[in-house]
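A.B. asks: The following block contains a protein sequence and its predicted model.
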Amino acid sequence: MSPAEMVTGSPAPASTPQVIESPTAWVAETATTTIVPESTRPVTPVQYQTLHPVEVTSTVPTRVASDNPYLVNLNIRKRTFDYPLPNCFMQVAFPGLLKDTYGIQQVVPNLAVVSEDEYLTFIRKNTEDNSEKSKLKTPSACFGSAAEPTWNFIEVRVILDPSNVHPADYTITENIVSDGKVVVKFATTRSLVIGNQVTLLSYIPIRSDDVDLFDTVAITYTRH
């Protein structure tokens, strides 16, 4: 079984991102990016709920714009589970989410994120020792079911250090990059102000044969 991989993304030259509107977003004034390799492939915009800030473990800042936050850390952890997850496990845990049209290799790439609470609940229900490294417990609904396709998760952790003196709303977009192209976008709007560091933590369910197609995440910002 392949061990979990650790991949650290790093910013690249700036370009203009595509703004994803959220229900509470205002008209965007400015937009800058760390990496935005725009694609000619279809891009699926998705909204997701961000989670609570956590303790900072990296202090290597990257400046992206005069009034945008420092990207303190971008960390991508592939294959968070030591064991591949059978298809039935995932369908029971996330009914209706992982359809036949789900995945990076689709004509229109389609991915989703689950919250930290949902992820931890999945671990408690489906592992013997409440750990990503422990053996799996088979749900009663999955006895005798086919294992394929198997799944895993990708963890994306983004730590931002705001630089704006006055509070302002920013749309923060995580652009999923595959083969040098943005294939899916996840966006959220947060109120940022200097001195209040923010962490975004999300988990992406992914088929085992799609894991290596997931290259990195490009972070873009739009101030409202």
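C.D. replies: The structure has been received and is ready for your questions.

A.B. asks: Three-state assignment for Phe122, please.
C.D. replies: helix (DSSP: H, G, I helix; E, B strand; the rest coil).

A.B. asks: how far away is it from Thr80?
C.D. replies: For Phe122, the distance to Thr80 (Cβ to Cβ, to the nearest Å) stands at 11 Å. Backbone N, C-alpha and C define where each C-beta goes, glycine included.

A.B. asks: Repeat that for Leu213.
C.D. replies: Distance, Leu213 to Thr80, using Cβ to Cβ: 17 Å.

A.B. asks: So in the chain, where's the weakest helix or strand by average pLDDT?
C.D. replies: Lowest on mean pLDDT, DSSP states H and E among the helices and strands of the chain sits strand 30-33, with a mean of 40.

A.B. asks: Now do the strands for the protein: every range, in order, please.
C.D. replies: With strands called from DSSP state E, the chain shows them at 5-8, 30-33, 44-47, 70-78, 151-161, 168-178, 181-192, 198-207, 216-223.

A.B. asks: who does the longest one touch, helix- and strand-wise?
C.D. replies: By that I understand strand 181-192. When contacts are defined as 3 or more Cβ pairs under 8 Å, 6 or more residues apart in numbering; DSSP states H and E, strand 181-192 packs onto strand 44-47, strand 168-178, strand 198-207.

A.B. asks: Of all those strands, which one is nearest Leu85?
C.D. replies: For Leu85, the closest of these is strand 198-207, at 8.6 Å, according to Cβ to Cβ.

A.B. asks: mind listing what's buried in the closest one?
C.D. replies: Buried residues in strand 198-207, counting neighbours by 16 or more other Cβ atoms under 10 Å, are found at Val198, Thr199, Leu200, Leu201, Ser202, Tyr203, Ile204, Pro205, Ile206, Arg207.

A.B. asks: Give me the nearest residue to the fifth one, chain neighbours excluded.
C.D. replies: Closest residue to Ser202 apart from its sequence neighbours, by Cβ to Cβ, 6 or more residues apart in numbering: Val113 at 4.2 Å.

A.B. asks: What is the end-to-end distance of stretch 105-118?
C.D. replies: End-to-end distance of stretch 105-118 (Cα to Cα, to the nearest Å): 25 Å.

A.B. asks: could you give me the average pLDDT of it?
C.D. replies: For stretch 105-118, mean pLDDT is 93.

A.B. asks: Next, the buried residues of that stretch.
C.D. replies: Of all the residues in stretch 105-118, those buried under the rule 16+ other Cβ under 10 Å are Gln106, Pro109, Asn110, Leu111, Ala112, Val113, Val114, Glu116.

A.B. asks: The closest residue to the second one other than its chain neighbours: neighbour count?
C.D. replies: In this case it means Pro109. Leaving out its chain neighbours, the residue that sits closest to Pro109 by Cβ to Cβ, 6+ apart is Val183, at 3.9 Å. Neighbour count for Val183, taken as other Cβ atoms under 10 Å: 24.

A.B. asks: I figured Val183 hits Val107, correct?
C.D. replies: No - applying Cβ atoms under 8 Å, one finds Val183 not in contact with Val107, separated by 11.3 Å.
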